[in-house]
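S.K.: Give the three-dimensional model of this entry:
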Amino acid sequence: MAIFWPYQLSCRADGSSQPFETGAKTPWRHLLLYPLTEKKSAAAVAAASALLLAILAGCATPAPRQSVALLEPANGATVETTFKVRFGVSGMAVAPAGEIVADSGHNHLLINQAPVAKGQSVPFDEQHKHFGAGQTEAMVTLPPGRYQLTSQFANGAHQSYGAPMSSTIQITVR
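M.R.: Predicted structure coming up:
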C-alpha cells in the first residue's frame, strides 16, 4: 500500500496554499516531497509528517493590516464650524494614553500638519489635538477656511507610529 504524498507543496506569502505555479508573481515558499511507500519506515513517515505540519504552520493567516482612516467627514466635504470627526483603526487596539502596550494606541487630529515621524512625540498644541482617553469620535470646532486634517495614531506615550498609521483628508469649513 502506497501513501501518495504531494511532490510539491506551496504556501503563498498571504497565507493561502495551493499547488505550485511556475513563474508565479506572488512570493511562494516551496517544499519538494517524495512519495512514501510501505517500504519507508514509520520514523520516516513521522519525520515527513512533522515537517509538513511545520510548513503548514507557516501558511497561517497573516496578521491584519494595520491602518487608520478618517471616516468622517468625507474627503472634500464642506462642513459647519463645529463638526464631527470619526476615526477608524484596523489591526491595532484603541486604548487610553498612559501605558505603552504593543499594537495599541490612541488618535490624534493634526490640523494643516504633516504626519509625525515614527517614534517622535506628537506635539501638544492647537494644531495637534490629542484624544488620549481612547475616543474614536469627537466634535471639533474650526474657523471658516480650507483645512488638511490628518489622523495620526500613536502609542500610550504619544509616540507616533509614523506615516503608515496616518490618513489625510481635505475639508472646507464654512
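S.K.: can you count the residues close to the closest residue to Lys118 other than its chain neighbours?
M.R.: Sequence neighbours aside, Gly162 is the residue nearest to Lys118 in space, at 2.9 Å (criterion: C-beta to C-beta, 6 or more residues apart in numbering). C-beta coordinates here come from the backbone N, C-alpha and C atoms, glycine included. Using other C-beta atoms under 10 Å, the number of residues around Gly162 comes to 16.
S.K.: Quick check: the gap between Gly162 and Ala114.
M.R.: Separation of Gly162 from Ala114 (C-beta to C-beta, to the nearest Å) stands at 11 Å.
S.K.: cool, Ser151 as well?
M.R.: Applying C-beta to C-beta to Ser151 and Ala114 gives a distance of 13 Å.
S.K.: Pick out whichever of the two has more residues nearby.
M.R.: Between Ser151 and Ala114, Ser151 has the larger neighbour count (other C-beta under 10 Å), namely 24 against 12.
S.K.: need the contact list for that one.
M.R.: Going by C-beta atoms under 8 Å, 6 or more residues apart in numbering, Ser151 touches 68-70, 87, 107-110, 166-168.
S.K.: Please identify the buried residues of the helix or strand containing it?
M.R.: For Ser151, the element it lies in under DSSP states H and E is strand 145-154. The neighbour-count check on strand 145-154 (16 or more other C-beta atoms under 10 Å) flags 147, 149-154 as buried.
S.K.: what two of those residues are the furthest from one another?
M.R.: Based on C-beta to C-beta, the longest span within these runs between Tyr147 and Ala154 and measures 20.4 Å.
S.K.: Which segments of the chain make up each domain?
M.R.: For the chain, automatic domain parsing gives the domain ranges 8-57, 67-173.
S.K.: Buried deepest among those domains, which one?
M.R.: domain 67-173 (a mean of 16; mean count of other C-beta atoms under 10 Å).
S.K.: Which pLDDT value does the model give Gly58?
M.R.: Gly58 is assigned a pLDDT of 63 by the prediction.
S.K.: my bad, should have said Ala47
M.R.: Turning to Ala47, the model gives it a pLDDT of 72.
S.K.: So it, which state does it fall into?
M.R.: helix (DSSP: H, G, I helix; E, B strand; the rest coil).
S.K.: In the chain, where is pLDDT below threshold?
M.R.: Low-confidence segments of the chain (pLDDT under 70): 1-42, 45, 52-63.
S.K.: Nice, that's everything, thank you.
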